[in-house]
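In: Quick one, what's the 3D model for this:
(chains A and B)
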Amino acid sequence: MADQEGGFSPQTIIDHLKANNITHVVWLPDSETNFLYTLLTQEPSLELVTISREGQAFSTAAGLSVGGAKPVILIQNTGLMESGDSMRGWAMGMNIPVVMMVGYRGWTRHGVDTDTAATYTEHFIHAFNIKYYLVESDADADRIQVAFDLAEKTKQPVAVLIGDEFHGFVQR
Amino acid sequence: MFQTADMFKAFAPFRGNAVVIPGRGGRHWINVSDQPDRDVPLGDPAMGGHASFSFGLAMARPDEKIILFDSEGDILMNMGALTTIAEKEPKNFYHFVLDNGVYATTGGQPVPNAENVQYDVIAKGCGYKSTYSFDNLEDFTNNIEEILSKPGPVFVTMKVAPEVENTPITQRVRWQKKTRDQTIADLQRELGPRKA
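Out: Presented below is the predicted three-dimensional model:
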């Protein structure tokens, strides 16, 4: 698939994970990250850890981080909202410097959103006082590094909201 | 059924150099442990997460034996975590579960279907290759050495007596001797840098 204006390449994410010495990708697959899956499985420096409920991501990442590994979390906004207590206790309470890349299901810059998953996502993140950055295309990708830097500086989870839900990732 | 404190006394001589996450039985473990800097008594950061945390630690440190004392209430909250652990198959992970049949820290209400759930069967069904179940201390004691000699992940469920707490949470006496931050710092110093 060729680059599209405004598209978001999965390789962009892989490049940032490698640049930040990420060791493990703790994730629960969702539709918008499907293209990313193939690249992740082909990248030998990254170990995929597939979970079955998003709350497990935070406790798993905490264990990895305490052990000296450097995890990243890749989940959807629906699962993030399910994960509140785990994120509070295992990531925020344990001072885990982890970036969570969150598929922003329902996000739209145009008109009224029709998906309550999108309606409540940022309210939810605000409630936990977590910093976050919206990334919609490769043009925004520098925000991913900002998120990694902030997580390290604050020893807290930081979110990257991937607002590319409906047409999926663009492979370059 | 046996007492958690007796179980820890029986287990302690076999601990070796392992990292121990004592979970909800931590108040008893800290009295018999001889390596407090390799103990990770976190209390309860968020219920249901001890298995995934310990699994993550085992993945990060494949050269260290990681031993978790989980609870059946925690397992029930995140049973799907067993499938991830079984899939990744950390050879250094030993997953013990204290099954007292109740939510002891909230007053002793029974967990769902407390009398009939077979957690070792569930673990086996999720893919753990080695599973055990004990309801008396002698059998447990006689098998500890074998359990810890097997490649992980190994799952061990034990029927233990409930130790119900009814004191309001704000009035409970903290049993941990260190803060959570200090516990993690001591563990990381003890383990040293992670090998790439």
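In: Which other helices and strands does the helix or strand hosting residue B:155 contact?
Out: Per DSSP states H and E: residue B:155 is located in strand B:154-159. Contact partners of strand B:154-159 among helices and strands, from 3 or more C-beta pairs under 8 Å, 6 or more residues apart in numbering or on different chains; DSSP states H and E: strand B:93-99, helix B:119-126, strand B:130-134, helix B:137-149. Heads up, the C-betas are built off the backbone N, CA and C, glycines and all.
In: most distant residue from the middle of chain A?
Out: Distance from the C-alpha centroid of chain A peaks at residue A:111, with 24.9 Å (C-alpha atoms, centre = their mean).
In: ends of stretch B:8-21, how far apart?
Out: Terminal residues of stretch B:8-21 are spaced 12 Å apart (C-alpha to C-alpha, to the nearest Å).
In: again with stretch B:107-115
Out: Where stretch B:107-115 begins and where it ends lie 18 Å apart, using C-alpha to C-alpha.
In: try stretch A:22-29
Out: End-to-end distance of stretch A:22-29: 18 Å, with C-alpha to C-alpha as the criterion.
In: next one: stretch A:93-104
Out: In stretch A:93-104, first residue to last residue: 25 Å (C-alpha to C-alpha).
In: roughly how far out does that stretch sit from the chain middle?
Out: Counting by C-alpha atoms, centre = their mean, to the nearest Å, stretch A:93-104 is centred 7 Å from the centre of its parent chain.
In: next one: stretch A:28-42
Out: Per C-alpha atoms, centre = their mean, the centroid offset for stretch A:28-42 relative to its chain is 12 Å.
In: Name the SS class of residue A:111, please.
Out: Three-state call for residue A:111 (DSSP: H, G, I helix; E, B strand; the rest coil): coil.
In: Those residues of chain A touching chain B, which are they?
Out: Within reach of chain B by C-beta under 8 Å from any C-beta of the partner chain, chain A has these residues: A:23-24, A:26, A:47, A:49-53, A:55-56, A:58-69, A:71, A:85-86, A:88-90, A:93-95.
In: Please indicate which of these are buried?
Out: Listed as buried from those are A:23-24, A:26, A:47, A:49, A:51, A:53, A:55-56, A:58-69, A:71, A:85-86, A:89-90, A:93-95; burial here means 16 or more other C-beta atoms under 10 Å in any protein chain shown.
In: Residue B:108 versus residue B:169, what's the distance?
Out: 15 Å (C-beta to C-beta, to the nearest Å).
In: Pick out whichever of those two has more residues nearby.
Out: Taking other C-beta atoms under 10 Å in any protein chain shown, residue B:169 and residue B:108 do not tie; residue B:108 has more neighbours (15 against 8).
In: and the least confident helix or strand in chain A by mean pLDDT, what does it pack onto?
Out: Lowest on mean pLDDT, DSSP states H and E among the helices and strands of chain A sits helix A:34-42, with a mean of 83. Helix A:34-42 sits against helix A:10-19, with contacts defined as 3+ C-beta pairs under 8 Å, 6+ apart.
In: what's the angle between the helix it packs on and helix A:34-42?
Out: 40 degrees (axes from the mean of the first three to the mean of the last three C-alpha atoms, to 10 degrees).
In: could the helices and strands packed on strand B:154-159 be laid out in TSV, adding mean pLDDT and mean neighbour count?
Out: Formatted as TSV, the helices and strands packed on strand B:154-159 follow (pLDDT from 0 to 100; neighbours: other C-beta atoms under 10 Å in any protein chain shown):
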stretch	mean pLDDT	mean neighbour count
strand B:93-99	98	25
helix B:119-126	98	18
strand B:130-134	98	20
helix B:137-149	97	15
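In: show me what contacts the residue nearest the centre of chain B?
Out: Most central in chain B under C-alpha atoms, centre = their mean is residue B:69, positioned 1.2 Å from the mean C-alpha point. The contact partners of residue B:69, by C-beta atoms under 8 Å, 6 or more residues apart in numbering or on different chains, come to B:20-26, B:29, B:96-98.
In: Would you list the phi and psi of residue B:108?
Out: In terms of degrees, to the nearest 10, the main-chain angles of residue B:108 are phi 100, psi 20.
In: and if you look at residue B:103?
Out: phi -90, psi 90.
In: who's it bridged to?
Out: Beta bridges link residue B:103 to residue B:109, judged by DSSP bridges.
In: separation between it and residue B:166?
Out: Residue B:103 is 12 Å from residue B:166, by C-beta to C-beta.
In: what does residue B:122 give?
Out: As judged by C-beta to C-beta, residue B:122 and residue B:166 stand 30 Å apart.
In: cool, residue B:192 as well?
Out: For residue B:192, the distance to residue B:166 - C-beta to C-beta - is 43 Å.
In: What segments of chain B are helices?
Out: For chain B, helices defined by DSSP state H occupy the ranges B:4-11, B:26-29, B:50-60, B:72-77, B:81-88, B:119-126, B:137-149, B:180-191.
In: quick one, which of those helices is packed in tightest?
Out: Highest mean neighbour count of these: helix B:50-60, a mean of 29 (counted as mean count of other C-beta atoms under 10 Å in any protein chain shown).
In: packing partners for it?
Out: Helices and strands touching helix B:50-60, by 3+ C-beta pairs under 8 Å, 6+ apart, are strand A:47-50, helix A:55-66, strand B:19-21, strand B:66-71, helix B:72-77, helix B:81-88, strand B:93-99.
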